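K.L.:
Here is my input; please provide its structure:
(one chain, ligands or ions: 4)
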Amino acid sequence: MLPLGNRCFQLLFFRISTFLTLSQKHMDNLLKPPESVCGMRVLDRKLFEKTLEVPVITLKDIKVSAVLPVLKKYLLKVEKLKPIQHVNPEEILIYLSPMLVQQWESIPEDVRQRLHSEHIKDENFKKILYTFKYENFTAEEILRAILPPDKEGLSSFTKVGHIVHLNLREHLLPYKNVIAEILLDKVPGCRTVVNKTNIIDNTYRNFTMDILIGDPDMLTTVKENNCKFKFDFSKVYWNSRLCTEHERIVNKFQEGDVLFDVFAGVGPFAVPAGKKKCTVFANDLNPESFKWLKYNFEANKVDQTYYKLFNRDGHDFIKNDIKLLLPKFLECEKNVYITMNLPAMALEFLNSFVGLFSHEILPEYSKPPLVFVYCFAKGEDCMEITKNKIKDTVAYDLSDKIVDVFRVRTVSSLKEMMRVTVRLDRDILIADRKRKLEDHFNDIQNKKVILDHSDGKEQEKVK
Ligand SMILES: C[S@@+](CC[C@H](N)C(=O)[O-])C[C@H]1O[C@@H](n2cnc3c(N)ncnc32)[C@H](O)[C@@H]1O
Ligand SMILES: *[C@@H]1O[C@H](CO)[C@@H](O)[C@H](O)[C@H]1NC(C)=O
Ligand SMILES: *[C@@H]1O[C@H](CO)[C@@H](O)[C@H](O)[C@H]1NC(C)=O
Ligand SMILES: *[C@@H]1O[C@H](CO)[C@@H](O)[C@H](O)[C@H]1NC(C)=O
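P.N.:
Ligands and ions are numbered 1, 2, ... in the order given. You can find the predicted model right below:
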């Protein structure tokens, strides 16, 4: 089996074995595909055949359970091979690793003595010829054997439903077909292999993809937090690497709580919340996400009384819908959560909460809403960078409103995805926006922070 990542998502990392001595290396290669496959550009499965002498122990009328503890560490571990096989009801074959055992004598003395006491002697030991095939190697072993040893290999890929997607580096392009074919063969449940072609920077956070092999169907279904999500992977945003974060947030919600999801995508926060009988207001600008968001609420049988969906810009959603709905939930002391997962821009949307209400229409409240807002931090000290980003982006001093700054995941070297929890106290929601903005930017100028265009943009929005 391929090494699978944690239970909610499958991600493979290939380890690079280092510090092998030459003889270890030779032994290590024994159970690897033949060296002749190195550089293969068109998959030829036959070339993976390799015949080896494999040590075996035959047991007649001896219980396996008696010897297994002794032999366990010497067993042959290969893809799709059971190291203990029943030849007939009385006779059992135990395959040993040819890397660890060459002769009966290469089994350590004390181990042989223990075998002796179970009536296993050198007569029980023999070597048989065994042919290993393509089926008997893992994707990792096969790719490592094929791809140039001196360059970085295929370091990782993710699986979304039946789709495996890779980000092929330039030097691996000549191998794209062979890589795709191997993954299609080896990754359980994989029907399609795609390559992302551009870094996502469009509004909807989806990316163009090249189908390298398989079914061109981009409609797929994934499971997360006990919900099923169906969507067209080429048209909406989905990232399996966020499943743990989705779970952490969903775990905070309890029946009766209220969730406003400003950038809901196809529903990984919103649908599980609805299923828990939270009252959910979920929004996404992408019509295609909206369509699947609706579909997923229905497919997961969330009662219609618990949710309402919106297809508009996040600022409009905050300034109209949240504005209209929030006061009554504050009044009846609900726990209110607001999720904003659009890390490239979301901090900016905090500004829409500043001075959202006039003092008359906002009731006094004891349970301030909590905003989970995401951002990227590039550089050494991601906590400090995040706090500075908030200062530079948000036109209100949030320093005593930040409940928590949490490192969600590493995107690439020196780029972290961060989650900031902001408490929406009354003073933010009823702030005099114009004055606060001026204070804010004067403050920044005093600190000699250069903020070229954000100044103009902010001013525009306030008017
Ligand atoms: C990074 S995805 C997050 C989706 C989902 N919450 C998740 O965790 O997987 C951001 C979503 O924001 C949507 N989006 C982008 N700009 C938006 C805007 N201005 N207003 C509302 N939604 C927007 C995109 O379509 C996308 O679905
Ligand atoms: C190789 O895999 C096949 C199944 O595809 C299995 O029947 C066979 O025993 C395996 N052989 C070895 C040497 O692992
Ligand atoms: C895969 O994506 C990479 C990076 O975006 C790109 O350079 C490359 O050309 C793509 N490969 C194929 C086969 O489309
Ligand atoms: C993103 O999805 C939209 C529909 O949601 C689609 O029209 C567009 O072509 C997609 N963009 C890319 C870059 O694939």
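K.L.:
any idea how this structure splits into domains?
P.N.:
50-132, 139-217, 312-449 (automatic domain parsing).
K.L.:
Ok, which of the ones you listed comes nearest ligand 4?
P.N.:
domain 139-217 (3.8 Å; Cβ to the nearest ligand atom). C-beta here means a position set from N, CA and C on the backbone, and glycine is covered the same way.
K.L.:
give the contact list for the closest residue to Lys133 other than its chain neighbours.
P.N.:
By the measure of Cβ to Cβ, 6 or more residues apart in numbering, the closest residue to Lys133 outside its immediate chain neighbours is Glu49, 5.5 Å from it. Neighbouring residues of Glu49 by Cβ atoms under 8 Å, 6 or more residues apart in numbering: 34, 131-134.
K.L.:
If we use 10 Å, what do you get?
P.N.:
Glu49 sits next to 33-34, 131-134, 136 when contact means Cβ atoms under 10 Å, 6 or more residues apart in numbering.
K.L.:
buried set for stretch 130-139?
P.N.:
130, 132, 134, 136-139 (16 or more other Cβ atoms under 10 Å).
K.L.:
And stretch 80-100, by the same measure?
P.N.:
Result for stretch 80-100 [16+ other Cβ under 10 Å]: buried residues 83-84, 92-98.
K.L.:
Contact residues of this structure facing ligand 4?
P.N.:
Residues of the chain lying near ligand 4 by Cβ under 6 Å from any ligand atom: 202, 204, 206-208, 234-235, 286, 288.
K.L.:
Quick one: buried ones out of those?
P.N.:
204, 206-207, 234-235, 286, 288.
K.L.:
Can you find the helix or strand in this protein with the smallest mean pLDDT?
P.N.:
Least confident helix or strand of the chain, by mean pLDDT, DSSP states H and E, is helix 452-462 with a mean of 34.
K.L.:
Mind telling me which residue of the chain is nearest ligand 1?
P.N.:
Gly265 (2.6 Å).
K.L.:
So that residue, which state does it fall into?
P.N.:
Here Gly265 is recorded as coil under DSSP: H, G, I helix; E, B strand; the rest coil.
K.L.:
got a list of what it touches?
P.N.:
204-205, 229, 231, 236-239, 242, 282, 284, 286, 289-290, 292-293, 296, 341-342.
K.L.:
returning to what we had before: I'd like the buried residues of stretch 80-100 as CSV, with secondary structure and pLDDT appended.
P.N.:
Shown next, in CSV, are those (DSSP: H, G, I helix; E, B strand; the rest coil; pLDDT from 0 to 100):
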residue, secondary structure, pLDDT
Pro83, coil, 92
Ile84, strand, 92
Ile92, strand, 92
Leu93, strand, 92
Ile94, strand, 94
Tyr95, strand, 94
Leu96, strand, 94
Ser97, coil, 92
Pro98, coil, 91
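K.L.:
Identify the farthest-apart pair in those.
P.N.:
For the buried residues of stretch 80-100, the farthest-apart pair by Cβ to Cβ is Ile92 and Pro98; their separation is 19.2 Å.
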